[in-house]
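Trainee: Fold the stuff below for me.
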Amino acid sequence: MKATTNIAGKVLIAMPDMDDARFDRSVILLCAHSEDGAMGLRINLPTEDVALSDLAQQLDLDRVPDFHDRPVHSGGPVEQERGFVLHTADYASAISTLAVTPEIGMTGTLDVIEDLVDGSGPETALICLGYCGWGPGQLEGEIAQNAWLVGDAPKKLVFGTPDARKWETALAISKVSPLNLSTTAGHA
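Mentor: Residues are numbered from 1 along each chain as shown. Coordinates of the predicted model:
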C-alpha cells in the first residue's frame, strides 16, 4: 500500500471546475489526514441564519451582556448538527483540543462554546457546524483529479481574512492566479 503524505494543517482550495456545487470556491482547513481518511472544516462559508447567540440559546447557556455575537460557518455537509471550533493556540479545552497547526487548534466539545459565551474562550475563533470528510484514499484521488489545490494555512487566512476573500487569498498565498488555473489535470 502506498504511503499517504500527511497534509493536515494545510488548506484545500477548490478548483474552478469542481464537480460538486456544494464546494464551489471552498477553502477547507484540513484538520486530520492519514491512511484512514481525512477531516476538514470549510472556513469561508458563514451560515445565513445561525449565530453563536442562537447556539447558546439552544444549549441553554447564559449570555453575558457585553458578549460579541459571532457568525457560525458551514463546516461541511457531514453531521451538520455537530459543532466544531477552530481557534487560536492561546486556548486548549480541558476535555479535548487537536493542534491543527502551531497557531491553530480545533475543539469539538461543548466546553469551548461555554467558554466563548462566558468570555474565557480563545482570543479568536471560527465556529462551524458540520465537517468535510473523506474515506481512505478518497482525498488523494480528488487531488489527483485536479479537484483541489493544496496550500498553506496561516492564521491570518483562517481568522483575519473576510470570508468572501478567502478563496482568492488562499490562491495568492500559494502564488497562484485564478486566471492561470487549468480546468484539466495533466498526466505525464
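Trainee: Give the next helix or strand downstream of the worst-scoring helix or strand of the chain on mean pLDDT.
Mentor: Comparing every helix and strand of the chain by mean pLDDT, DSSP states H and E singles out helix 52-58 as the least confident one, with a mean of 67. Toward the C-terminal end, the helix or strand that comes next after helix 52-58 (DSSP states H and E) is strand 71-74.
Trainee: Surely Val158 is in a strand?
Mentor: No: counting by DSSP: H, G, I helix; E, B strand; the rest coil, Val158 is located in no strand; its state is helix.
Trainee: okay, now it: neighbour count?
Mentor: Using other C-beta atoms under 10 Å, Val158 is surrounded by 25 other residues. C-beta: built from backbone N, CA, C; applies to glycine.
Trainee: Now the residue nearest in space to the middle of the chain: phi and psi?
Mentor: Among the residues of the chain, the smallest C-alpha distance to the mean C-alpha position (C-alpha atoms, centre = their mean) belongs to Leu41, namely 2.7 Å. Note on Leu41: backbone dihedrals following degrees, to the nearest 10 are phi -120, psi 130.
Trainee: how near is it to Gly119?
Mentor: For Leu41, the distance to Gly119 (C-beta to C-beta, to the nearest Å) stands at 24 Å.
Trainee: quick one: the helices in the chain?
Mentor: Assigned by DSSP state H, the helices in the chain fall at 52-58, 110-118, 138-144, 155-160, 166-173.
Trainee: Could you say which one of the ones you listed comes nearest to Met18?
Mentor: Across these, Met18 has its closest neighbour in helix 138-144 (9.4 Å, C-beta to C-beta).
Trainee: what residues are up against Ile95?
Mentor: When the contact criterion is C-beta atoms under 8 Å, 6 or more residues apart in numbering, the partners of Ile95 are 107, 109, 111.
Trainee: top of these by neighbour count?
Mentor: Counting neighbours by other C-beta under 10 Å, the top entry in these is Thr107, with 25 neighbours.
Trainee: and that residue, bridged to which residues?
Mentor: Beta-bridge partners recorded for Thr107 (DSSP bridges): Val85.
Trainee: And Arg42, by the same measure?
Mentor: If you apply DSSP bridges, the partners that Arg42 bridges to are Ile28.
Trainee: isn't it right next to Pro77, touching?
Mentor: No: if you go by C-beta atoms under 8 Å, Arg42 and Pro77 don't touch, sitting 9.1 Å apart.
Trainee: Overlap in contacts, these two.
Mentor: Cys132.
Trainee: In terms of neighbours, single out the busier of the two.
Mentor: Arg42 (24 against 14).
Trainee: which residues does the more buried one contact?
Mentor: Contacts were defined as C-beta under 8 Å, 6+ apart; by that measure Arg42 touches 23, 26-28, 73-76, 128, 132.
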